[in-house]
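Asker: turn this into a model:
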Amino acid sequence: MSVDIRLVVLDMAGTTVADGGLVEQAFRAAAGSLGVEAGSPEHARMLEHVRLTMGESKISVFRHLFGAEEKAQAANTAFEAAYHDLVDAGHCAALPGAAEAIAELRGQGRKVVLTTGFSRATQDRILRALGWESIADLTLCPAEAGRGRPYPDLALTALLRTSTDSVRQMAVAGDTGYDMLTGTRAGASVVAGVLTGAHDEARLRADGATHVLKSIADLPGVLAG
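Answerer: The predicted structure follows:
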């Protein structure tokens, strides 16, 4: 590429980590804890919002769905507990080629930062389950950046924390439209959507993808090209 990409900001669930419906399963448990019955019209409406906003900070999603802060926090706590149980039960796996792609990107001399819409506790749970505690140069969750996706904060915090010189030296990759908005709003030269997660090519391109890839395994080749 003509642009020298020094920093690669990667999403986790759906991009480097297989989701396998875990978010929806944990949401079902969270909604049920607040009296929203699975299969009800209200549950269907809420689940559609969860799908549309995949990638957003989870507490922000629950604030939208439940309004009152106390209810949102209760839902978020229940969601995290359910998600942690799923991870602990072994329902968490790296996407094929993800670990190798991260190693290759770092081998090319680029910094790699893993970001998420989950809390730090959930992010750490996933990293431990995969043995990924040291796989990246840095990991970030929304609380450490200010705002989660679709705002640029996660990507810009990654840039500042890695002492990258320019937003033009940054690539952002993810599986959701919100990942694409984060990348474009942060000024990244490469905003790569992958088709291993929540959103399709049309949604990724509509929200600013410069590239759409079958999987994150293709990203090192794109940046080296």
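Asker: next, the buried residues of stretch 37-50.
Answerer: 43, 46-47, 50 (16 or more other C-beta atoms under 10 Å). No exception for glycine: its C-beta is placed from N, CA and C like everyone else's.
Asker: what helix or strand does R106 sit in?
Answerer: Counting by DSSP states H and E, the element that carries R106 is helix 98-107.
Asker: which elements pack onto that helix?
Answerer: strand 111-115, helix 219-224 (3 or more C-beta pairs under 8 Å, 6 or more residues apart in numbering; DSSP states H and E).
Asker: of those, which approaches A26 most closely?
Answerer: Closest approach to A26 among these (C-beta to C-beta): strand 111-115, 19.0 Å.
Asker: quick check: angle from the closest one to helix 98-107?
Answerer: 140 degrees (axes from the mean of the first three to the mean of the last three C-alpha atoms, to 10 degrees).
Asker: hmm, G14 is touching L195, no?
Answerer: No - applying C-beta atoms under 8 Å, one finds G14 not in contact with L195, separated by 9.8 Å.
Asker: more neighbours, the two?
Answerer: G14 (24 against 14; other C-beta atoms under 10 Å).
Asker: which residues touch V194?
Answerer: Contact analysis of V194 by C-beta atoms under 8 Å, 6 or more residues apart in numbering lists 14-15, 173-175, 212-216, 219.
Asker: dihedrals phi and psi, A188?
Answerer: Main-chain dihedrals, A188, degrees, to the nearest 10: phi -60, psi 140.
Asker: near it, how many other residues are there?
Answerer: 29.
Asker: close enough to count as contact, it and L156?
Answerer: No - with contact defined as C-beta under 8 Å, A188 does not count as touching L156 (9.8 Å).
Asker: how about the helices of this structure, start to end?
Answerer: For the chain, the helices defined by DSSP state H cover 22-33, 41-52, 58-66, 69-88, 98-107, 120-130, 153-161, 177-186, 201-206, 219-224.
Asker: chain center to the third one: distance?
Answerer: The reference is to helix 58-66. 16 Å (C-alpha atoms, centre = their mean, to the nearest Å).
Asker: list the buried residues for it?
Answerer: 58-63, 65-66.
Asker: so where's the chain uncertain?
Answerer: Residues of the chain that meet the criterion pLDDT under 70 lie in 1-2.
Asker: for G193, give me its contacts.
Answerer: 173-175, 179-180, 199, 201, 204-205, 209, 211-213.
Asker: report the buried members of the residues you listed.
Answerer: 173-175, 179-180, 199, 204, 209, 211-213.
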